[in-house]
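Trainee: Attaching a predicted model along with its sequence, questions to come.
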Amino acid sequence: MEIILKAIGLKKYYGKGETLVKALDGVDLEIERGKFTAVIGTSGSGKSTLLNMLGGLDTPGEGSIRVGETELARLNSEQATIFRRKQIGFIFQNYNLIPVLSVWENIIFPIALDGRKPDRNFIMEVVKLLGLEKKIITPDSTFMAWDGRPHAIGQWNKDQTLASAMQDSVNWCFQELDKRAGTEAMKEFYAGLGYGNQDFSNDSSSLWLGSSLKISAIEQVELLRKLYHNEYHFSSENIQAVQN
């Protein structure tokens, strides 16, 4: 079996004399490709220190770490940053998300830093897998950045929140949400609502526009009534955000 990570003799000491703390004291570790490995121990046993070193966030006082064919100790600061960005995935206990960005923007942020164009299909598969497709925006984070394209209606030519987009019927904002959610998530959502137009053969971003509605005015009112009273059993927090 191929070894993808190997650590030899890792040591990390803090302090001196009576205050000396041996966070790591000669740790050897090998991880095989395709294996799931958990590091378990009591508080203060060095778990975080070890993981930070294996991920290239910290350096050992002694010892070596090899990830694939890369010896981490030979990387300078910039090289280590690029290596982490391309090769290592981190899930922190406190998330470390950027609060002014949406879920989608947080996901693609490292890709943008690397100067690459996001693979939308792949990312949406990940989003769907993690159950995030309905959290592209949240009640506490509904900011949508205007892309700079001019519109005939002046109120549309600026950044939006869910409240301002609903107040001024900002089409581009809702079209962008449709794109971010993805076709499969929209199909599931529309089917749950019993929405009239479920023809996805054309551009899905225009499905909700008035010219493409395939339900009567009475049915539209009934749908809104059910939404208002949350008869579709959505999150009450999300319903309240729309009502507000």
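Mentor: Nice, thanks for sending it over. Numbering: from 1, shown residues only.

Trainee: rest of the way, CA atoms for contacts and neighbours
Mentor: Will do.

Trainee: Tell me how far stretch 65-73 lies from the chain's centre.
Mentor: Offset of stretch 65-73 from its chain centre (Cα atoms, centre = their mean, to the nearest Å): 27 Å.

Trainee: What mean pLDDT does it get?
Mentor: The average pLDDT within stretch 65-73 is 93.

Trainee: tell me how far the ends of it are from each other?
Mentor: 7 Å (Cα to Cα, to the nearest Å).

Trainee: Please renumber the chain so that the first residue is 54 from this point on.
Mentor: All set: I'll call the first residue 54, so the last point we hit is now stretch 118-126.

Trainee: Counting neighbours, which bits of it end up buried?
Mentor: Neighbour-count burial for stretch 118-126 flags 118-120, 125 (criterion: 16 or more other Cα atoms under 10 Å).

Trainee: Outside of it itself, list whatever touches it.
Mentor: 56-61, 107, 109, 112, 117, 133 (Cα atoms under 8 Å, 6 or more residues apart in numbering).

Trainee: Dump the residues you listed into TSV; add neighbour count and distance to Phe162 as well.
Mentor: Converted to TSV, the contacts of stretch 118-126 look like this (neighbours: other Cα atoms under 10 Å; distance: Cα to Cα, whole Å):
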residue	neighbour count	distance to Phe162
Ile56	14	30
Ile57	16	26
Leu58	18	26
Lys59	17	29
Ala60	20	30
Ile61	15	33
Leu107	22	23
Gly109	21	19
Thr112	20	25
Ser117	20	30
Ala133	17	18
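
Trainee: Nearest to Glu71 among these?
Mentor: When the contacts of stretch 118-126 are compared for distance to Glu71 (Cα to Cα), Thr112 wins out at 23.5 Å.

Trainee: Surely the closest one touches Thr102?
Mentor: No: contact status for Thr112 versus Thr102: not in contact, 9.4 Å apart, counting by Cα atoms under 8 Å.

Trainee: can you tell me which of the contacts of stretch 118-126 are in strands?
Mentor: Among the contacts of stretch 118-126, the ones falling in strands (DSSP state E) are 56-61, 117.

Trainee: The spatially most central residue of the chain and Thr134: what is the separation?
Mentor: Of all residues in the chain, the one closest to the mean position by Cα atoms, centre = their mean is Ile160, 3.5 Å from it. Distance, Ile160 to Thr134, using Cα to Cα: 18 Å.

Trainee: Could you do Thr112 as well?
Mentor: The value you get for Thr112 to Thr134, if Cα to Cα is used, is 13 Å.

Trainee: ditto for His282
Mentor: From His282 across to Thr134, the span is 50 Å (Cα to Cα).

Trainee: Then Phe162?
Mentor: In terms of Cα to Cα, Phe162 sits 15 Å off from Thr134.

Trainee: Adding secondary structure as columns, could you present the buried residues of stretch 118-126 in TSV?
Mentor: Converted to TSV, the buried residues of stretch 118-126 look like this (DSSP: H, G, I helix; E, B strand; the rest coil):
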residue	secondary structure
Ile118	strand
Arg119	strand
Val120	strand
Leu125	helix
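
Trainee: which of the residues you listed lies closest to Val74?
Mentor: Ile118 (21.3 Å).

Trainee: which residues touch the nearest residue to the closest one once chain neighbours are set aside?
Mentor: The shortest distance from Ile118 to any non-neighbouring residue, by Cα to Cα, 6 or more residues apart in numbering, is to Ala60 (4.4 Å). For Ala60, the contacting residues are 80-83, 107, 116-119, by Cα under 8 Å, 6+ apart.

Trainee: just the strands in the chain please.
Mentor: Using DSSP E, strands in the chain cover 56-67, 74-85, 115-120, 123-124.

Trainee: Now do the first one: distance to the chain's middle.
Mentor: If I follow you right, that is strand 56-67. Taking the mean of its C-alpha atoms, strand 56-67 sits 30 Å from the chain's own mean (Cα atoms, centre = their mean).

Trainee: Okay then, goodbye and thanks.
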